[in-house]
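Undergrad: with the input below, show me the fold.
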Amino acid sequence: MLNSISRQTSGKSHEKLLSFVLSFLFLICVSFKFSLVFLPEEHSRLLASETVQPETSSTIHGASTIQEVSHSELETAVYPEDTGAALRNPGMGWVFHHYDNALWQYGESQGPGYDGHEFPGLSVVYLRLAWSFLEPKEGDFNWSILDSVIQRYERMGIRYAFRITAFEGNAAEDGVPRWLREAGCPGFIGKAYGKEHWEVDYASEMFLEKFGNFLMALGKRYGDDPNLEFVDVGSLGIWGEGHPIAKAYSTEVLKKHCELHQKAFPEKWIVFNDDMCRNFHPEAKPNGKHQDTTIQMLLEGGYAFRDDSLNVFPDPNFMYSAELAEKFWRKVPIILEMGHYEYAKKVNAWGGERYSKALADYHGSYASIHGNPIRFLSENKELIHEMNLKMGYRFTLKSAKWKTEISPNERFSIDFEWKNSGVAPSYRDSFPIWTLINE
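TA: Sure thing, here's the model as predicted:
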């Protein structure tokens with residue numbers, strides 16, 4: 001991917017380009033009217049266009065360091081190499097399940113000071129928990145459950161994401177607050193994991209109104225925070241994975257839930273689960289196949305994609321939905337969730353090489369740590385390093401050339417070639433900033 005930019009120097013004395021700071025920064029803000037869109041190498045393209053000013057600005061770290069420099073009287077050229085460093089960038093990285101349908105797993109079990117600093121490439125802390133924990137009384141919100149964790153990880157530069165669920169099945173809480181059920185919200189008694197549980201009617205106008213009010217309050221508090229990475233649609237089915245127990249629902253019901261999340265968080269990625277494409281049918285009947293009507297609705301809505309969960313079952317059922325991700329990854333990020341690590345090992349479903357392959361097959365921007373992070377790291381260091389080198393986008397500068405000397409007010413150009421060695425694009429407009437240092 002080749003391109004060049006031209007600039008004009010100014011100053012009172014003869015200037016020489018001593019160096020460019022090529023531990024380069026990609027800044028998502030407007031400087032030059034220049035925008036780069038990178039896809040993985042086999043789909044590479046470079047687009048130049050007018051850049052639109054986004055709401056916030058972020059720094060994207062590159063992966064190059066200068067290994068070779070050539071000089072002549074007329075031109076200086078550099079040929080950086082990939083450092084192999086793990087990157088902690090917006091829009092990609094490892095996602096740690098701090099709350100995972102319960103408040104005790106998996107972050108709290110590491111102690112009150114755990115902040116993920118030791119895990120290379122950990123970019124997002126994931127907070128998946130029941131609505132009932134956050135609104136125990138109508139209009140009375142317990143934000144401290146979220147804030148105490150968010151603030152701890154933010155000090156390490158780690159962002160956060162949400163899934164708020166309405167049905168847990170095997171957890172102590174049913175998912176919806178008790179006050180909603182006592183107010184007469186429709187629901188069903190059904191069995192999950194051999195026990196009877198109450199599951200809300202996801203099409204109920206009362207449920208949609210009250211949960212929508214909660215989402216708006218959540219969005220008011222966190223929706224403008226640049227550290228909020230994405231929000232899952234978690235209000236459908238057990239664990240928010242999109243498979244209701246009591247009855248089948250239509251695609252239209254799924255659309256209403258997606259739109260509730262989108263309304264509360266209009267500037268964030270809203271994420272659907274791959275099972276939603278199997279379990280929501282235009283005619284509200286069980287099907288088990290990916291539904292074209294549902295897929296088209298999700299594509300048109302611009303919803304991001306996740307797969308819950310890989311390596312829950314041994315081969316050949318390790319992963320189901322790579323072909324579905326193929327429809328989405330060029331436009332929206334893909335999030336991969338591994339099964340619970342200890343469970344996967346117990347049932348012989350864990351396979352690190354398959355997790356790495358899935359990252360490439362799905363063009364994943366994110367991959368989860370679904371278990372004890374310390375143990376997962378200690379037992380999978382080589383795998384984590386391998387996946388860090390291809391997860392999401394990985395911009396490396398292959399070469400850059402410029403005039404060795406320039407005079408005041410002289411126009412000059414920088415010719416450069418970039419490579420995205422990751423498996424996914426960056427879904428944000430971005431462009432390089434070059435720093436000139438005067439000799």
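Undergrad: from here on, contacts and neighbour counts on C-alpha atoms
TA: Fine.
Undergrad: domains in this structure, by residue range?
TA: Domain segmentation of the chain under automatic domain parsing yields 2-85+393-438, 93-388.
Undergrad: comparing those by mean pLDDT, which bottoms out?
TA: When those are compared on average pLDDT, domain 2-85+393-438 comes out lowest at a mean of 64.
Undergrad: kindly format the C-alpha coordinates of stretch 230-249 as CSV.
TA: The C-alpha trace of stretch 230-249 is given here as CSV (Å, rounded to 0.1, in the frame of the first residue of the first chain):
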residue,chain,number,x,y,z
PHE,A,230,-19.2,-2.0,22.9
VAL,A,231,-22.5,-3.1,24.3
ASP,A,232,-24.0,-6.6,23.7
VAL,A,233,-27.7,-7.2,23.1
GLY,A,234,-28.1,-9.3,26.2
SER,A,235,-31.9,-9.1,26.9
LEU,A,236,-32.9,-12.3,25.1
GLY,A,237,-32.5,-15.9,26.2
ILE,A,238,-30.5,-17.6,28.8
TRP,A,239,-27.3,-15.7,29.6
GLY,A,240,-28.3,-13.2,26.9
GLU,A,241,-27.2,-15.6,24.2
GLY,A,242,-30.3,-15.4,22.1
HIS,A,243,-31.9,-18.8,22.9
PRO,A,244,-35.1,-18.4,24.8
ILE,A,245,-36.3,-21.5,26.8
ALA,A,246,-40.1,-21.1,27.1
LYS,A,247,-41.1,-20.3,23.5
ALA,A,248,-39.9,-19.1,20.1
TYR,A,249,-40.0,-15.4,19.1
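Undergrad: give me the contacts around that stretch.
TA: In this structure, residues lying in contact with stretch 230-249 by CA atoms under 8 Å, 6 or more residues apart in numbering are 101, 160-169, 188-192, 199, 202-203, 254, 257-258, 261, 265, 268-273, 275-276, 279-281, 283-286, 308.
Undergrad: repeat that with 6 Å
TA: 161-168, 268-272, 275-276, 280, 284-285 (CA atoms under 6 Å, 6 or more residues apart in numbering).
Undergrad: swap in stretch 264-282?
TA: Contacts for stretch 264-282 (CA under 6 Å, 6+ apart): 215-216, 219, 223, 230-233, 242, 249-251, 288-291, 294, 303-307.
Undergrad: of those residues, grab the buried ones for PyMOL.
TA: Buried subset of the contacts of stretch 264-282, written as a PyMOL selection, criterion 16 or more other CA atoms under 10 Å:
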select buried, resi 215+216+219+223+230+231+232+233+242+249+250+251+290+291+294+303+304+305+306+307
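Undergrad: in strands, which of the contacts of stretch 264-282 appear?
TA: 230, 231, 232, 249, 250, 304, 305, 306, 307 (DSSP state E).
Undergrad: which stretches of the stretch 251-400 of the chain form helices?
TA: For the stretch 251-400 of the chain, the helices defined by DSSP state H, counting those that start in this stretch occupy 251-264, 276-279, 292-301, 322-325, 341-346, 352-362, 373-379, 381-388.
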